[in-house]
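Visitor: Sequence first, then the predicted structure:
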Amino acid sequence: MPGAVEAVFLLYAGVLGLSVGSFLNVCVGRLPRGESLIRPRSRCPKCGAAIAWFDNIPVFSWLVLRGRCRSCREPISWTYPALELVTAAIWLGLAAVYGPTWHALQGAILFSLLLAIALIDGRHYLIPDALSLGGLGAGLALALLPGQPTPLVAVLGASLGFGVLLAVGILGEWAFRKPAMGGGDMKMMAMVGAFLGPAGAMLTIFLGAVAGTVVFGPVSLKTKKDVPFGVFLALGAAIAFLFGDTIVEGYRTMFLSGPQV
C-alpha cells in the first residue's frame, strides 16, 4: 500500500480497536453479573449517574475528566482506558502485520474475544456463553470468507476442540471423582477451533495445558484454588494464531520426517 493509504488504514484499525475495547469494558463489567449489554446506558459505578456520549469516548474522555466522574467526582479506574488501549494495540498490530486482509480481521476479532474471556475467567472463574458461543458463530461466519480456515475446517476444528475437552472432563471426573473440566472451557474451545481449525485447536489445548501447569500449577497446589483454564487457553490460542503454522511445521520436520539418507 502507498504510505498515505497505509497510514489511514492503520489509523482506522486503531480507532476501531478503541471502540471494540470500550465494548469489551461493558462485557467484562456486565456479563459476569448476568446483565444486558444494551440496557441500561453506561453509568458511573459509584453514583449511578448516566454517562453522556461525550464522556464515553474511549480514552479521550477519561483523560479530559482526569479519571473522575463528571457528576460525583469519584475516581474511575484506570483499567477502563487500559483495556481500550490494549485492544487498540491488538487491532493496530494485526493490521500492520497482515495488512488489509480477512486474516487480520479474523485475528482481531479472535484476540478481542480471548482478551475478554481471559479477564472474566481470571476474576470470576466464568466464561460467559455470550462470548464463547457468540464467538463460535463469528468464527463459523468468518470461515465463509476467502482464506483459511474453510467452512469444513472450521466445523471440524470446533467439533474437535469441544470434543477433546469433553473427553478430558469425563475421564478426569471418573479418575478424581469430581468435575475436572468446566463447560465454559469446552464451549470456548469450540470457538477457538472454529477460528483456528483442528490443528490450531489441538495446539491451543497443548499450549494452554503447559502454561497452566507451569504458571498456575504451583499456586494451585499451595492454595487449592482451581486453575482458571480459560486464561491459559486464551494464551495458547493467541500463540497458535500467530505462530501455529511454524510450530506445526517444526514438529513435523523434527519428529515426523523420515531418516535422512
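Guide: That came through fine.

Visitor: Can you name the residues in contact with the helix or strand of the chain with the lowest mean pLDDT?
Guide: The weakest-scoring helix or strand in the chain, judged by mean pLDDT, DSSP states H and E, is helix 217-223 (a mean of 72). Identification of contacts with helix 217-223 by CB atoms under 8 Å, 6 or more residues apart in numbering yields Lys225, Asp226, Val227. For glycine as for every other residue, the C-beta is placed from the backbone atoms N, C-alpha and C.

Visitor: from those residues, which is closest to Thr204?
Guide: Val227 (15.4 Å; CB to CB).

Visitor: how about the residue lying closest to Leu92 once chain neighbours are set aside, what does it touch?
Guide: Among residues not flanking Leu92 along the chain, Gly14 sits closest, at 4.2 Å (CB to CB, 6 or more residues apart in numbering). Residues near Gly14 by CB under 8 Å, 6+ apart: Ala88, Trp91, Leu92, Ala95.

Visitor: wait, isn't Glu84 in contact with Asn25?
Guide: Yes - counting by CB atoms under 8 Å, Glu84 does reach Asn25; the two are 7.0 Å apart.

Visitor: ok, the two, which is more surrounded?
Guide: Between Glu84 and Asn25, Glu84 has the larger neighbour count (other CB atoms under 10 Å), namely 24 against 21.

Visitor: helices and strands around the helix or strand in which the more buried one is found, which ones?
Guide: In the assignment (DSSP states H and E), Glu84 maps to helix 79-98. Contacts defined by 3 or more CB pairs under 8 Å, 6 or more residues apart in numbering; DSSP states H and E place helix 79-98 against helix 3-30, helix 60-64, helix 102-124.
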